[in-house]
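# Provided below for reference: sequence and predicted model.
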Amino acid sequence: MQQKFKYLIVIMLFSLGVISCHEDLNQSPIDPDSFTEEDVFSNATEAQGALAKLYASLALTGQQGPAGQADIADIDEGFSQYSRMLFNLNELTTDHAVVGWGDAGLPDLHGLYWSGSNDFTEAMYYRLAQEVSFCNSFIDNASILTDTEVTTYIAEARFLRAFTYYNLMDLYGSVPLVTSVTTELPSQATRAELFNFIETELLDIADKLKVSGSNVYGRVDQVAAWALLSKLYLNAEVWTGTAKYNEAVTYSSKVMSSSYSINTTDANGNGNAYDELFLADNNTNGAQSGFIFTLNFDGLRSQTYGGTTFLVHAAIGGNMNATNFGVNGGWGGLRTTKNLVNKFNVDVTSLNNSLGTLSKWGLVGDATLNQWNGPDMEMYETGANTYALYADLNAGEMKFRFDEDWNNNFGDDNTDGSLEAGGQNIPVATAGTYFITLDLNTSTYSITPFVGDSRGMFHKDGQSLEIEEIPSFENGYAVTKFKNIDSNGNQGSDAAGDFVDTDLALIRLAEIYLNYAEATLRGGAGDLGLAVTKINELRERAYGNTSGNISSGDLTLEFVLDERSRELYWEGQRRTDLIRYNYFTSDTYLWPFKGDSKDGVGAESYRNIFPLPNNIITTNPNLIQNPGY
């Protein structure tokens, strides 16, 4: 974080119906060195510190860090961090992730058989309820200050409250709507009422927030309000029964016209600008240009066992080298399913169809599909006496041959890229997808590994694609997306390698591009040509060139869903996306161990939302449990 906020204790009594054990509103601070509420809101400077607590409550887990003085009781403190639980509820329940740990309630999530007493669905509710409570207290108390800067602080607090209610509405459906500090047990609001509240709040505060790109990194500006409206309207049909795709297009367009931009600078020179988004210096390496709302982490000054510390450590196991990720070891838990991996498979047929006209020049050899006996893998004519082919090759040898005639073949006697008639076989060291060129004008050729979509970052060595049993780390490919190294390969600030510097974008510009495309396809008044252009902007970053670009004919709802998966996996989006496509609980789309079955089965549709915690229902008689639980 470029500006480190100080964290202050704001003492609350209520969190959406969760009653504190304290009856006295005038309790003294537990920490004798902490401020009272009167101190916190004595002036704009102190109020800014209290605002920092609202942001910190989503990133951290207590007053001490990484453990001790937890905000939420009765669950491991590291488990209770917001983005870690967002991963558990929105990624682990889908085709994007499995975890091998057997903590009570955790296997239930991927198996889609949780109950109202699940520790993780309960802790997320408490975390979000607490954030609403903190925001309400801040808004009530800061309103007494007349400094104009405080008006912006209040708008930021209202954004954070709206964002929190967005999560509550998505995850739990109908929850209490509480907008001020109160001692009364609240009643439930419908999803439609929650939707209307969030919409009204965001529309009202957009012009009260700082203009695009003018706030301190890590704090939201008006573009965050537009972006959250884009997300809200995209899901309106699911949440309210009324489609708002025109509105989704409108607010996506406003975001796309703002000062935020897609970073295409390959700072570490590895040919992959996408990975810059998930490195330890992603607040300064250029990736931040597309970050609209982030959780900021520092391995020394904001330590937690959630956040990106969890995403890095938990994804390392098997024969993976933890030092390559800037940490001191792996927790051997998280992997992914073949459904995600297969979304990155190279479609060589499509690539070849874009090259030109099929020719009589081809490849022959045991490195090719049909071995030495042929038929040859025919190349495409790309120009006068120039040919090319994308090909899946085996480790072995090959030659170029015309019309499958051994009297007209070329090899390479010196393995130097120059051709000789009837020359030596050309070695292919490892199996993979290659781009092969043949230039008869200069008697040269090239065989270049084809990387394809660089967003697919997996560790495969020692891992099986198929998952026979979830507990074994070696079942399922490991994901290498998040790292605690910077663009120069240096480890993050914590020399011990325990905690991670990498920030986590909760909303970034790429998602809004995809929102625009989907809303347009669903009937919103967008421009399909612009949607294709924006999608290709993402794909050019992913491929490093235009080889992955699509045309308007390729842009379908299914393509957008798969593109969301490729661009946003492990970023807390997947469950919401699958629900919008009616794939989350249905048997239309299956993945390994969906519904607790090896090959996957559907689940009851009531699991599209999580249950309210059972003890909340017991504590507050105004609340009714979600159907099915």
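Perfect, I can see it now.

# So residue 573 versus residue 123, what's the distance?
Residue 573 sits 20 Å away from residue 123, going by CB to CB, to the nearest Å. Yep, even glycine has a C-beta here, placed from its N, CA and C like the rest.

# Backbone dihedrals for the most far-flung residue of the chain relative to its centre, please?
Distance from the C-alpha centroid of the chain, by CA atoms, centre = their mean, peaks at residue 407 (54.9 Å). Dihedral pair for residue 407: phi -80, psi -10, per degrees, to the nearest 10.

# so residue 502 sits right up against residue 308, yeah?
Yes - using CB atoms under 8 Å, residue 502 makes contact with residue 308 at a distance of 4.2 Å.

# Name the residues contacting each of these two.
Common contacts of residue 502 and residue 308 (CB atoms under 8 Å, 6 or more residues apart in numbering): 297, 482, 484.

# Using neighbour counts, trim these to the buried set.
Buried members of these, counted by 16 or more other CB atoms under 10 Å: 297, 482, 484.

# Keep only those of those residues that are in helices.
Members of these lying in helices (criterion: DSSP state H): none.

# Would you mind putting the shared contacts of residue 502 and residue 308 into JSON lines with distance to residue 443 and pLDDT alongside?
Below are the shared contacts of residue 502 and residue 308 laid out as JSON lines (distance: CB to CB, whole Å; pLDDT from 0 to 100):
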{"residue": "297", "distance to residue 443": "55", "pLDDT": "97"}
{"residue": "482", "distance to residue 443": "46", "pLDDT": "98"}
{"residue": "484", "distance to residue 443": "48", "pLDDT": "98"}
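
# would TSV of the residues you listed with distance to residue 267 be doable?
Shown next, in TSV, are those (distance: CB to CB, whole Å):
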residue	distance to residue 267
297	19
482	16
484	16
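
# if you look at the residues you listed, which of them are in strands?
Members of the shared contacts of residue 502 and residue 308 lying in strands (criterion: DSSP state E): none.

# For the closest residue in space to residue 489 that isn't next to it in sequence, grab phi and psi.
Spatial nearest neighbour of residue 489, excluding adjacent residues (CB to CB, 6 or more residues apart in numbering): residue 268 at 7.0 Å. When read as degrees, to the nearest 10, the backbone of residue 268 gives phi -100, psi 0.

# got the contact list for residue 268?
Taking CB under 8 Å, 6+ apart, we find residue 268 in contact with 275, 276, 279, 487, 488, 489.

# Please pick the buried ones from the residues you listed.
Listed as buried from those are 275, 276, 279, 487; burial here means 16+ other CB under 10 Å.

# of the residues you listed, closest to residue 495?
residue 279 (17.4 Å; CB to CB).

# For the closest one, give me its contacts.
Contacts of residue 279 by CB under 8 Å, 6+ apart are 268, 285, 287, 483, 485, 486, 487, 502.

# The fifth one against residue 497, yeah?
No - here residue 485 does not reach residue 497: they are 10.7 Å apart, not a contact under CB under 8 Å.

# From residue 599, how far out is the residue farthest from the centre of the chain?
In this view, residue 407 and residue 599 are 52 Å apart by CB to CB.

# cool, and residue 560?
To residue 599, residue 560 is 26 Å away according to CB to CB.

# Who has more neighbours out of these two?
Using other CB atoms under 10 Å as the criterion, residue 560 and residue 599 rank with residue 560 on top: 23 against 10.

# which helices and strands does the host helix or strand of the more buried one pack with?
According to DSSP states H and E, residue 560 maps onto helix 557-568. If contacts are counted by 3 or more CB pairs under 8 Å, 6 or more residues apart in numbering; DSSP states H and E, helix 557-568 sits against helix 509-521, helix 528-543, helix 574-580.

# buried set for whichever helix or strand comes after the last one?
Okay, so that is helix 574-580. Where DSSP H and E defines the elements, the next helix or strand beyond helix 574-580 is helix 614-619. Applying a neighbour-count criterion of 16+ other CB under 10 Å, one finds 616, 617 buried in helix 614-619.

# most tightly surrounded among the helices and strands packed on helix 557-568?
With neighbours defined as mean count of other CB atoms under 10 Å, the helices and strands packed on helix 557-568 peak in mean count at helix 509-521, which reaches a mean of 25.

# Now do that one: distance to the chain's middle.
Centre-to-centre, helix 509-521 and its host chain are 15 Å apart (CA atoms, centre = their mean, to the nearest Å).

# Could you find the closest non-adjacent residue to residue 529?
That would be residue 552: by CB to CB, 6+ apart, it lies 6.7 Å from residue 529.

# Give me the phi and psi angles of the one you found.
In terms of degrees, to the nearest 10, the main-chain angles of residue 552 are phi -60, psi -30.
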